[in-house]
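> Provided below are the primary sequence and the corresponding predicted coordinates.
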Amino acid sequence: MTKAPTVEDVARAAGVSRQTVSNVLNTPDIVRAPTRERVELAIAELGYRPHAAARRLRTRRSSTIGVRLDPYAGGISGVVLDRFVHALTERASERGMRILLYAARTPGEEIERIGDLVDGGEIDAVVLTGTSHEDTRTIWLQERGVPFVSFGRPWRSDGDGAGGGDGSGVGAGGHSWADVDGAAGTYAATRHLLDQAGPKIAFLGWPEGSGTGDDRARGWSEAMADAGSAGPRWHTEESVGLARELIGAALAADPTVDAVVCVSDSLAIGAHLAATALGRPDLPVVGFDNTPAAEALGISSVEQLPEQVAAGVLDLLMGPTGGVVLRREQRDSAGEAAYVLVEPRLVVRGAPTPSPSPPRPARR
C-alpha cells in the first residue's frame, strides 16, 4: 500500500519549511507569491490532501460550501442544475471540501438561510445559482465578507449585462462568476442551420428581460446579421404547450421559415410538435440544454457542459491547485472580477455532422 504524502514531503519537494506549507494551506496571504506557487505546485504533484477533521479543528472552519437546492418545478431543463451540483460535489470532495445543500424559495429567504449557516459555522463559502438583475444576494454576501462565486453572470438591469455594452456581462467588475456562453451556443446553432436549412431562421425565446434568455437571443441575432439574413423572433414563457401553440400559429401564418433556434429544450420540443402537426416533421429545430427529452425525440441541442462550469467555480473559489483555502475575491490585472466562461457545444441529431462554423466575432 502506497503511503500518503505528508506535510514534510510537500515541504521537502518545495524546498521550504513545514510551517511555510501550513501557512500556504491556512493563511496563504502571508506567503510571498513565488513561494506560495512553489508549494501549491508540490501539493498538486504529490497529490497531498490534508486531514479534513484535523484541519477543521485547527482552522475553526467547516470546509463546507453551501449551495441552494432549487425547488422542484417539473419541466425538462432542470437536469442542467442537477448535473452542476453533482459535479460540484465530486470535485469539491477531491479538494478536501464538502457541499451542503439548503432550500430557499425566495432571495430573501436564501439570505436568511445563508446567514444562519455562516453564523453557525456550518459553511465557509457559497456558490450561488440563478443570478438575476440587481441580485440582492450578492450585495449581502459582499457586505458580510462571505467568499462566494456564482453560476451565472452578475446581470444588470440597464441592459449592459455587468460589463461591456454588448450585453454579454463579460468583463464584469461585481464579483467572481462562472457561466456558459449562451450567445456562442446559439450562434453556432444558427450558423449550422443557415448552412443546412436555408436563410430564414427564426428564434423562439423567453420574454425580454431575462439575462440568460437575452444572451442566447443575441447569438442568433449576431449570426443572422453576419450572414446578411433575417428571420422572425418569437417569445413565450417556458412551457412545451405554450411553445406548441405559438409555433403552430406562426408557421401556419408564415410557412417560409426554414428552421427554428430555441432558447431551451422545452420550447424546442413544443416547436417540433407544432411542426409535426402541420405536416412538417423534418423542420430543423435546435434547443438548448441537451436534455434526455431532446435526445429521445432526436432534436439537436446545445450542450451546456455544467461539469466544466463546476470546475471553474472551484478554481475561482479555491485556486487551480486544489488548496483548501477559500478566496474572498479574485481580480485580474485590470481590477475586474475574475470569471470563467465555458463555450458550449452543438449536438446535431438527424443530420450529417456540420463542418466547423466560423467562430463568433468578438463584440466588445
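Structure received. Numbering: from 1, shown residues only.
> shouldn't H235 be in contact with P207?
Yes - assessed by CB atoms under 8 Å, H235 is found in contact with P207 at 5.1 Å. For the C-beta atoms, the positions are set from N, CA and C on the backbone; glycine is no exception.
> Any stretches of the stretch 101-250 of the chain with poor pLDDT?
The stretch 101-250 of the chain contains residues with pLDDT under 70 at 156-173.
> now the helices for it?
Per DSSP state H, counting those that start in this stretch, the stretch 101-250 of the chain carries helices over the ranges 107-119, 136-144, 182-196, 211-227, 240-253.
> what's the most buried one of those helices?
Comparing the helices of the stretch 101-250 of the chain by mean neighbour count (mean count of other CB atoms under 10 Å), helix 182-196 ranks first with a mean of 25.
> Who are the packing partners of it?
Packing partners of helix 182-196 (3 or more CB pairs under 8 Å, 6 or more residues apart in numbering; DSSP states H and E): strand 201-205, helix 211-227, strand 259-262, strand 285-288, strand 300-303, strand 345-347.
> what's the closest of these to L317?
helix 211-227 (21.6 Å; CB to CB).
> what packs against the closest one?
Using 3+ CB pairs under 8 Å, 6+ apart, helix 211-227 sits against helix 182-196, strand 201-205, strand 233-235.
> will you turn the ones you listed into JSON lines that also has distance to L316?
Formatted as JSON lines, the helices and strands packed on helix 211-227 follow (distance: least, CB to CB, whole Å):
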{"stretch": "helix 182-196", "distance to L316": "19"}
{"stretch": "strand 201-205", "distance to L316": "29"}
{"stretch": "strand 233-235", "distance to L316": "33"}
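> Which one, of the ones you listed, ends up nearest to V79?
Each of the helices and strands packed on helix 211-227 has some distance to V79 by CB to CB; the shortest is helix 182-196, at 16.3 Å.
> Distance of G145 relative to R38?
Separation of G145 from R38 (CB to CB, to the nearest Å) stands at 29 Å.
> Then R280?
For R280, the distance to R38 - CB to CB - is 63 Å.
> neighbour-wise, which of those two wins?
Higher neighbour count among R280 and R38: R38, with 18 against 14, using other CB atoms under 10 Å.
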